[in-house]
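Q: here is my input, please return the structure:
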Amino acid sequence: MKLDAKKTQAVKTQATQFEGDPVGAYKAGHFDLALAQWRVRGEGDDPEATAWIGSCYANGDGVDVDNVQAFEWYRRSAELGHVPAQANLGAFYFMGRGVAKDAAEAVRWLALAAEADDQNGMFNLAHLYAQGTGVAQDLARSATLYRRASELGHYPSQSRLGYMYAHGEGVAKDRVEAYLWLTLAAQHGIGTALNELEGVVREMSGEEKARGAGLFEQWRFKTRSAAGPTALYPLPS
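A: Below you'll find the predicted structure:
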């Protein structure tokens, strides 16, 4: 009985500690406390709360994974203008996760997110343009999207952009640009970037290496990573 009383007191203490701070509760691993607060806000059509609820259902945080519920909460948040939710909704439409596959809807929602500079939205939309899925294939458009996301610090986009510069896909072949973006991606553990970088470096002249190193020094402190309740990197690189 004493043990039960201690547990009850601990729960009350946690509830008080994270009252009004669902993100803090979530980061501390108290998913039930976070969800309880987000559900109250979500019923009032709070776009941030509805996005987080969708993320919890997508990832199984505090609830069983439920793709249909995740889709519905993301859809609700996306329609309220929440940009990361729009990116995730596009991903769900592309994968047929919780909804029938619909490439056109995937493009529509990813484009909305990309216009607002959402890094995942740009990355996934770039992939669709590169593959010609839901849109006409357009490697130049794909490269432009990868570059925008790369400049915001999206490491997978940096890897893809570096690859495109290395092979002249959608952009003029440029070993210096390839070196820059592949190096930025490789320093954050993108293995494919490191493998590609080794081949690029073998072909570079001393002057190109010096220019590439100079660009890297200029860019490595400018980029930043994405943050927020974005659940997925759903498409193959």
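
Q: C-alpha only now, for contacts and for neighbours.
A: Noted.

Q: shaky segments in the protein?
A: When residues are selected by pLDDT under 70, those of the chain lie in 1-15, 223-237.

Q: what about the residue nearest to the spatial centre of the chain, distance to residue 82?
A: Geometric centre of the chain, nearest residue: residue 120, 3.5 Å, by CA atoms, centre = their mean. Computed with CA to CA, to the nearest Å, the distance linking residue 120 and residue 82 is 13 Å.

Q: again, but for residue 102
A: From residue 102 over to residue 82 (counting by CA to CA), the distance is 20 Å.

Q: any chance you could map the strands in this protein?
A: With DSSP state E, there are no strands along the chain.

Q: looking at residue 102 and residue 82, which is more packed in?
A: The neighbour comparison of residue 102 against residue 82 (other CA atoms under 10 Å) goes to residue 82, with 20 against 16.

Q: if I pick that one, what's in contact with it?
A: With contacts taken as CA atoms under 8 Å, 6 or more residues apart in numbering, residue 82 has the following neighbours: 47, 48, 51.

Q: turn those residues into TSV, including neighbour count and distance to residue 116.
A: As requested, the contacts of residue 82 are exported to TSV (neighbours: other CA atoms under 10 Å; distance: CA to CA, whole Å):
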residue	neighbour count	distance to residue 116
47	21	16
48	21	16
51	32	16
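
Q: now flag whichever of those is closest to residue 21.
A: Within the contacts of residue 82, proximity to residue 21 (CA to CA) peaks at residue 48, which comes in at 12.8 Å.

Q: now that the closest one has come up, it's in contact with residue 79, right?
A: No: here residue 48 lies out of contact with residue 79, judged by CA atoms under 8 Å, at a distance of 11.7 Å.

Q: the residue nearest to the centre of the chain and residue 41, how far apart?
A: Per CA to CA, residue 120 is found 25 Å from residue 41.

Q: give the buried residues for stretch 111-118.
A: 111, 112, 113, 114, 117, 118 (16 or more other CA atoms under 10 Å).

Q: count residues in the vicinity of residue 136, would you?
A: As a burial measure, residue 136 scores 11 neighbours (other CA under 10 Å).

Q: with residue 196 instead?
A: Using other CA under 10 Å: residue 196 sits among 19 other residues.

Q: residues in contact with it?
A: Counting by CA under 8 Å, 6+ apart, residue 196 touches 163, 182.

Q: do the same with residue 217
A: Counting by CA under 8 Å, 6+ apart, residue 217 touches no other residue.

Q: next one: residue 180
A: 162, 212, 213, 215, 216.

Q: what number of residues lie near the closest residue to the second one other than its chain neighbours?
A: Leaving aside its sequence neighbours, residue 212 sits nearest to residue 176 (CA to CA, 6 or more residues apart in numbering; 5.0 Å). By other CA under 10 Å, 26 other residues sit near residue 176.

Q: test my guess that residue 176 contacts residue 206.
A: No: Residue 176 is beyond contact range of residue 206, at 11.0 Å (criterion: CA under 8 Å).

Q: distance between stretch 148-164 and the chain's centre?
A: 12 Å (CA atoms, centre = their mean, to the nearest Å).

Q: show me the contacts for residue 60.
A: Shown in contact with residue 60 (CA under 8 Å, 6+ apart): residue 66.

Q: and it, its phi and psi?
A: Main-chain dihedrals, residue 60, degrees, to the nearest 10: phi 70, psi 40.
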